[in-house]
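*Asks:* sequence unknown, structure follows:
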C-alpha cells in the first residue's frame, strides 16, 4: 500500500522560498495523478498543483501559477513543490497526494508552511 511522506515545511519570511518533498513508498508511475493540496486555517482544502500521466504540462491554481513549480523524480519516487515569492496567504498545511487509475487517492500526513515576518 502506497505511503506518502512530506517534508520541507517551516517558517519563512514573505518573499522567501521553500521546497517541499514527498517521498512515496512505491512507484508513482502506477498512479494517474500526483500533486499537492493545501489547507489554510479555517478554510477548505484546495488543490494547488498536479501532474497527470496524460497531460503534457502540470496544472496549477491561478494564485500560485507564476510562483510554484511541481516536478517529480520517478527514479526516487519523489514529487517536489518549489515555492518562491511566498506570501502570508500561502500559510497552510501542505499535503501531497496520489490518485490511482481506479480513483482511489492516497494522502500524506502534511507539512506546515508558515509565511510571516
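*Replies:* Great, that's in hand. The shown structure was predicted, so the numbers you read here are calculated from the model rather than taken from an experiment. Numbering: from 1, shown residues only.
*Asks:* switch to C-alpha atoms for all contacts and neighbour counts from now on
*Replies:* Fine.
*Asks:* Setting aside sequence neighbours, what's the nearest residue to the one residue sitting closest to the centre of the chain?
*Replies:* Compute the mean C-alpha point of the chain, and by C-alpha atoms, centre = their mean the closest residue is residue 36, 2.7 Å away. The shortest distance from residue 36 to any non-neighbouring residue, by C-alpha to C-alpha, 6 or more residues apart in numbering, is to residue 96 (4.4 Å).
*Asks:* so the one you found makes contact with residue 108?
*Replies:* Yes - counting by C-alpha atoms under 8 Å, residue 96 touches residue 108, with 5.5 Å between them.
*Asks:* higher neighbour count, those two?
*Replies:* Per other C-alpha atoms under 10 Å, whichever of residue 96 and residue 108 has more neighbours is residue 96, with 29 against 20.
*Asks:* hmm, back to that, return every residue with contacts to both of residue 96 and residue 108.
*Replies:* In terms of C-alpha atoms under 8 Å, 6 or more residues apart in numbering, residue 96 and residue 108 are both contacted by the residues 4, 6, 22.
*Asks:* what's across from the last one in the sheet?
*Replies:* This means residue 22. residue 6, residue 79 (DSSP bridges).
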